[in-house]
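> Any chance you can model this:
(one chain, ligands or ions: 2)
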Amino acid sequence: MHNRTHFFRYLCGMNNTITILGIESSCDDTSAAVLRNNVLLSNVIASQAVHIKYGGVIPELASRAHQQNIIPVVDTALKEAGIGIDEVDAIAFTRGPGLVGSLLVGVSFAKGLSIARNIPLVEVNHLQGHILSHLIDLPDRELPHPRFPFLCLLVSGGHTQIVRVDSPSEMEILGTTIDDAAGEAFDKCAKVMGLPYPGGPVIDRLAQEGDPKAFHFARPHVDGFNYSFSGLKTSFLYTLRDAVKENPNFIEEHKADLCASLQHTIIEILLKQLVRVSKETGIRDIAIAGGVSANSGLRNGIVAEGKKRGWRTFLPEFKFTTDNAAMIAMSGYHRYQKGEFSSLDIAPVARLEELL
Ligand code: KG4
Ligand code: ZN
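Ligands and ions are numbered 1, 2, ... in the order given. Got it, this is the predicted structure:
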């Protein structure tokens, strides 16, 4: 920490209200947020439409779009929060995991601002951020928070994990995917059906009109509490390939049923392991987080399962499901309280393993 004022404010505990500026740029959303203690004052997200026509995120284009977006996004977040940069106690930024070229923009910007305004830096693990979004409150409303220890099913485009959360800083991954992530399964199967990217939300919408039992796809057999989605993806692909040989209009004619059956299978796979972990650990506060936690079938499914099993279930607000800086600021707030600051030679990391 290189600023005396901030250092003394931190050391003396004079600063009862802590204001964190969060910055997120790990994939294709540029986001900045302001958090005062655990209350969210602003959360601005610029999504990148440029990837839609390519059917997936193009890293080089993502990085370039972050460069264009970062200054206006941070500026708007401060304005919406009604604060000046001088009121910020720390800048929390996503260090990884993610696309290095994307992360680099957020990390470099955070460093630049830190040097220019003498504000300490706090690095954040993006996945811990998703989980800690469950601790955020809004200015006009307290949100339900799980009690420690809780389990979090973290389901995004890049990760699928069951995490035991003992405190904001103590988390253990109990199960993880050995191949594709759940979001990837949605997106890749959507591509096979010719649906636009990202496919998850499109499948969610189409599934509402379909029969979840119309088609049967392969379920994985994996050890422990892990996940696997590559068998399901192959089974989906082969079912469609064979059916299209017989009837070229098969996908178009059965789109809703295909989406509903695929979504139903993914949710069944996700819930089965979660139930096992809950039984094994005895933990019954269960949260979901990450992009796929926006899925209506998963949200309904987890609530229904929870009713059956006496769980308290926690669904994130929709604005906290996909990538956002509010969750990064929340994670940064807890690291700030523990005095976990980052130096200016910090570099982004692509893989989770490099962060642990
Ligand atoms: O957490 P996120 O925004 O980015 C990553 O860190 O990966 O998650 C993006 C993923 C994509 O795979 C997207 O298809 C999926 O979340 N997703 C959904 C829904 N909304 C987003 N999947 C299923 N149903 C949805 N409603
Ligand atoms: Zn994410």
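> Tell me which stretches of the protein form helices.
4-12, 59-81, 100-117, 126-132, 182-192, 199-207, 230-246, 250-281, 296-309, 325-337 (DSSP state H).
> could these be laid out in TSV, adding mean pLDDT, distance to ligand 2 and mean neighbour count?
Backbone N, C-alpha and C define where each C-beta goes, glycine included. Converted to TSV, those look like this (pLDDT from 0 to 100; distance: least, CB to the ion, whole Å; neighbours: other CB atoms under 10 Å):
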stretch	mean pLDDT	distance to ligand 2	mean neighbour count
helix 4-12	59	29	13
helix 59-81	93	13	18
helix 100-117	97	12	20
helix 126-132	97	6	27
helix 182-192	96	9	23
helix 199-207	97	12	21
helix 230-246	96	20	15
helix 250-281	98	16	19
helix 296-309	98	15	16
helix 325-337	98	9	28
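> Same list, those helices, but as TSV with distance to residue 147 please.
Rendered in TSV, the data for these read as follows (distance: least, CB to CB, whole Å):
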stretch	distance to residue 147
helix 4-12	28
helix 59-81	29
helix 100-117	32
helix 126-132	14
helix 182-192	26
helix 199-207	30
helix 230-246	34
helix 250-281	14
helix 296-309	15
helix 325-337	16
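> show me the contacts for residue 23.
31-32, 70, 74, 91-94, 106, 109-110, 325, 328 (CB atoms under 8 Å, 6 or more residues apart in numbering).
> what about 7 Å?
Neighbour list for residue 23: 32, 74, 91, 93, 94, 106, 109, 110, 325, 328 [criterion: CB atoms under 7 Å, 6 or more residues apart in numbering].
> And for residue 225?
Shown in contact with residue 225 (CB under 7 Å, 6+ apart): 162, 174, 175, 273, 276, 277.
> Repeat the analysis, applying 6 Å as the threshold.
The contact partners of residue 225, taken as CB atoms under 6 Å, 6 or more residues apart in numbering, are 162, 174, 175, 273, 277.
> Surely residue 236 is in contact with residue 189?
Yes: at 5.0 Å, residue 236 counts as touching residue 189 under the criterion of CB atoms under 6 Å.
> Would stretch 25-38 count as contacting ligand 2?
No: contact of stretch 25-38 with ligand 2 (CB under 5 Å from the ion) is absent, the minimum separation being 6.6 Å.
> in that stretch, what's buried?
Buried residues in stretch 25-38, counted by 16 or more other CB atoms under 10 Å: 25-36, 38.
> Same list, the residues you listed, but only the ones touching ligand 1.
By CB under 6 Å from any ligand atom, the members of those lying near ligand 1 are residue 27.
> will you turn the buried residues of stretch 25-38 into TSV that also has distance to residue 122 and pLDDT?
Converted to TSV, the buried residues of stretch 25-38 look like this (distance: CB to CB, whole Å; pLDDT from 0 to 100):
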residue	distance to residue 122	pLDDT
25	15	97
26	16	94
27	20	86
28	23	84
29	20	89
30	19	93
31	16	97
32	14	98
33	13	98
34	14	98
35	12	98
36	15	98
38	15	97
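> Narrow the buried residues of stretch 25-38 to those in strands?
Among the buried residues of stretch 25-38, the ones falling in strands (DSSP state E) are 29, 30, 31, 32, 33, 34, 35, 36.
> count of residues packed around the nearest residue to residue 149 once chain neighbours are set aside?
Of all residues not flanking residue 149 in the chain, residue 166 sits nearest, at 4.7 Å (CB to CB, 6 or more residues apart in numbering). Residue 166: 12 surrounding residues under other CB atoms under 10 Å.
> Test my guess that residue 166 contacts residue 151.
No: using CB under 6 Å, residue 166 makes no contact with residue 151, being 10.8 Å away.
> The residue of the stretch 101-250 of the chain found nearest ligand 2 and residue 107, how far apart?
Here the residue of the stretch 101-250 of the chain nearest ligand 2 is residue 156; by CB to the ion that distance is 4.4 Å. Separation of residue 156 from residue 107 (CB to CB, to the nearest Å) stands at 20 Å.
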